[in-house]
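Participant: Need a 3D model of the sequence below.
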Amino acid sequence: MLNSIARAAFTRLFRPLAKLLLRAGLTPDAVTVIGTLGVSAGALIFYPLGHLFVGTLVITVFVFGDMLDGIMARESGRNSRWGAFLDSTLDRLADSAVFVGLALWYFLGAQDAVTALLALGCLVTGSLVSYVRARAEGLGVHASGGIAERADRLLVTLVVTGLVGLGLPDIVLSVALAILMIACCITILQRITSVRRQLLENYEAS
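Facilitator: Numbers count the residues shown, from 1 in each chain. Below you'll find the predicted structure:
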C-alpha cells in the first residue's frame, strides 16, 4: 500500500543524494549491496543483544539507503533486469535478517517464545508474499499489491520495535507482529486470487 503512495515523495527527497553518489562513482548495484549489508548487520548485531532502538536506527538509515539504488538507476539510465533481480534478491535477505534478529533476542534474551515465534511467522509469511509475486511473474501475470507489501511490513516492524526499545512493553510488539502476520496471510490470498483470475482470463481468451 505504501509503495504507490511514498515512491514519488521519496524520489523527490533522495534525487539530489542519488546524483551526488553517482558523481562520486558509486553504482546502483553497489548501493544495493551496501544497503543490504547495513540492514543485516544492524539487525543481527544489535537486535540479538536487546538494543532494539539502536538497531532500529541503524536499520532505518540503511533502508533509506537501499531506496537510493532505484533512483540512481533511473537517473543514470542503468535500469536493467540484472539490477532488479539483485535488488529483489537482497531485499529478501535484509527482511529475513530483521525478523531473525528479533527472534534471536526474544528466544535467547527476553525469554519470550511467543514473540519470537511471531517474528518467525512474519518472516515466513512475508517471504511467501514475495514468492507469490515472483512465481506469478514467471507465469506471465502480475501479483503485486495487497495490504502488506514490503514497505508496509518494514514500517510496522521498525516503528513498533523502535518504540519498544524506548520503553513500550513487549506485548505491543507481539500484537503488532501478530497483526502483521495475519495481514501477510490476507495479502497472499489476495495475490493468489488475482493470479487465478488472470490465468483463467488468459485461458478463456486463447
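Participant: Can you mark which positions in the lengthiest helix in the chain are buried?
Facilitator: Determined from DSSP state H, the single longest helix within the chain is helix 170-205. For helix 170-205, burial by neighbour count (16 or more other C-beta atoms under 10 Å) applies to 173-174, 176-177, 180-181, 183-184, 187-188, 190-191, 194-195, 198. For glycine as for every other residue, the C-beta is placed from the backbone atoms N, C-alpha and C.
Participant: between these, which is closest to Arg78?
Facilitator: Arg78 lies nearest to Arg191 out of the buried residues of helix 170-205, by C-beta to C-beta, at 29.2 Å.
Participant: Looking at the buried residues of helix 170-205, which one is closest to Ser96?
Facilitator: Once C-beta to C-beta is applied, the member of the buried residues of helix 170-205 that ends up nearest Ser96 is Cys184, at 13.7 Å.
Participant: Quick one: residues contacting that closest one.
Facilitator: Applying C-beta atoms under 8 Å, 6 or more residues apart in numbering to Cys184 gives the contacts 122, 125-126, 128-129, 148, 153.
Participant: Just give me the residue closest to the centre of the chain.
Facilitator: Of all residues in the chain, the one closest to the mean position by C-alpha atoms, centre = their mean is Arg150, 4.0 Å from it.
Participant: quick one, what contacts that residue?
Facilitator: Here Arg150 is in contact with 3, 91, 95, 126, 129-130 (C-beta under 8 Å, 6+ apart).
Participant: now the longest helix of the chain: mean pLDDT?
Facilitator: The average pLDDT for helix 170-205 rounds to 94.
Participant: what does stretch 100-119 give?
Facilitator: 97.
Participant: Which residues outside it are in contact with it?
Facilitator: 43-44, 46-50, 52, 55, 99, 120, 123, 157, 161, 170, 173-174, 177-178, 181.
Participant: okay, now Ala143: neighbour count?
Facilitator: 24 (other C-beta atoms under 10 Å).
Participant: Check whether it sits in a helix, strand or coil.
Facilitator: coil (DSSP: H, G, I helix; E, B strand; the rest coil).
Participant: you'd agree it is up against Glu137?
Facilitator: Yes - Ala143 lies in contact with Glu137 (C-beta atoms under 8 Å); the separation is 7.2 Å.
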